[in-house]
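S.K.: Show me the folded form of this:
(2 chains)
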Amino acid sequence: MNDRDHALLDKTLETRAAYWESRIKTYGFQRLTDLTLFEITLGRARIDSLGRAFCRLGDAGVGFHLVSSRPSSRGLEVLLLAPAQWTTVIEEHLRELLEGPDKGMGRTSAAEMVFFQGPHFGDRSGIVHTTLQALAAKEVRITAMACSGSCIYLVLPEGRSQEAVGALSEVFEIPKAVSHKRSMPAG
Amino acid sequence: MNETIPMEGIKVSGDLIRLNVIDASLPEELLTRFLRGLTDNRINMTLFIGGKGSGGFQFTSCIAAPDEERVRTLTAPVPELKACLEFSAPVDLLSVFPHQFNLKAVGLSLMALGKAQIPLHGFCSSLSALTFITDHTDLDQACSVLQGSFSLHADPPRTLC
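M.R.: Numbers count the residues shown, from 1 in each chain, chains lettered A, B, ... in the order given. Next up is the predicted model:
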């Protein structure tokens, strides 16, 4: 083949592929209850203090299910979702962040979580949209959502995770055997 | 606090920009419209962290830098949406894994990034990884301080579990 043939092949044999399903497959929904959600807003300069508090909690054997943070007009909003059994211990360790002149703001609430994965979730479009659309259709209100790697996490107020699984099950494909499996709590 | 904990690897996802709704809140209808636009145009969000406030939804997300113009184009005809969305300078996602649901791993990372005064634009855990959003200009330093915080293999794997 000469250069002209190569150029022609480059133009005509390009293959573009995208993973697509009429009904998006998942590996099943995991539902966790008896959780506490800690919402902390603090200045970016205090990230070091938050790190120290988390280290002490780690040393105390406290585990977590989800930790996330996003920017807000007041700095960073941090979510920590952990088993309810650790509520008092976590509150004690986070107290110093919420005191002093540049104190942060904190809120604690009972929460539940639903999380799930599926084929190629990490590198395909439309999963967040489909998820929120499914929940909105059944008027299921979430507190927070995080999608990182190939996993979708939904944080819900106490008592609402079953409704969320029901709404999602109407839209996503689920393997029957593991549709409502509950995973082991952290910590 | 000087004790380090083992990590199997660190991964960098680059060539991204951050897309935020911070100072406003998106009503559900606008959020749905925005997400439908991304879906219709097959624009993937590498990371999405959102929460519901009193006036609507706020979020930070990361998309591939080459998709920025398409996102600007699809949001331009909707002034309320365009007014809420902020596009950031280039960012990278740095992931360390596995965190094993150990808060100390999160804490050590935050302390290291905070001590080095590396601006952090968000972070999120997944089943295995802890992912941090940092400015592209800080990539080398952020990698270095995270590697210094953990006992990583001499040649850490670059694939993410």
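
S.K.: where exactly do the helices run in the chain?
M.R.: You didn't say which chain, so I picked chain A. For chain A, helices defined by DSSP state H occupy the ranges A:3-12, A:47-59, A:87-94, A:127-137, A:161-169.

S.K.: my question was about chain B
M.R.: Using DSSP H, helices in chain B cover B:28-40, B:68-75, B:79-84, B:103-115, B:139-149.

S.K.: Let me know whether the last one sits next to chain A.
M.R.: Going back to what we said before, that points to helix B:139-149. No. Using C-beta under 8 Å from any C-beta of the partner chain, helix B:139-149 never reaches chain A; the gap is at least 9.7 Å. For the C-beta atoms, the positions are set from N, CA and C on the backbone; glycine is no exception.

S.K.: How is chain A divided into domains?
M.R.: Domain ranges of chain A: A:22-32+A:111-178, A:35-110, per automatic domain parsing.

S.K.: thinking again about what came up before, would you reformat the helices of chain B as a markdown table and include mean neighbour count and mean pLDDT?
M.R.: A markdown table is the format used below for the helices of chain B (neighbours: other C-beta atoms under 10 Å in any protein chain shown; pLDDT from 0 to 100):
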| stretch | mean neighbour count | mean pLDDT |
| --- | --- | --- |
| helix B:28-40 | 18 | 92 |
| helix B:68-75 | 16 | 95 |
| helix B:79-84 | 14 | 91 |
| helix B:103-115 | 24 | 94 |
| helix B:139-149 | 17 | 91 |
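
S.K.: quick revisit: could you dump the domains of chain A into a markdown table with distance to chain B added?
M.R.: Conversion of these to a markdown table gives the following (distance: least, C-beta to the nearest C-beta, whole Å):
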| stretch | distance to chain B |
| --- | --- |
| domain A:22-32+A:111-178 | 4 |
| domain A:35-110 | 3 |
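
S.K.: TSV for those domains, including mean neighbour count?
M.R.: Shown next, in TSV, are the domains of chain A (neighbours: other C-beta atoms under 10 Å in any protein chain shown):
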stretch	mean neighbour count
domain A:22-32+A:111-178	19
domain A:35-110	19
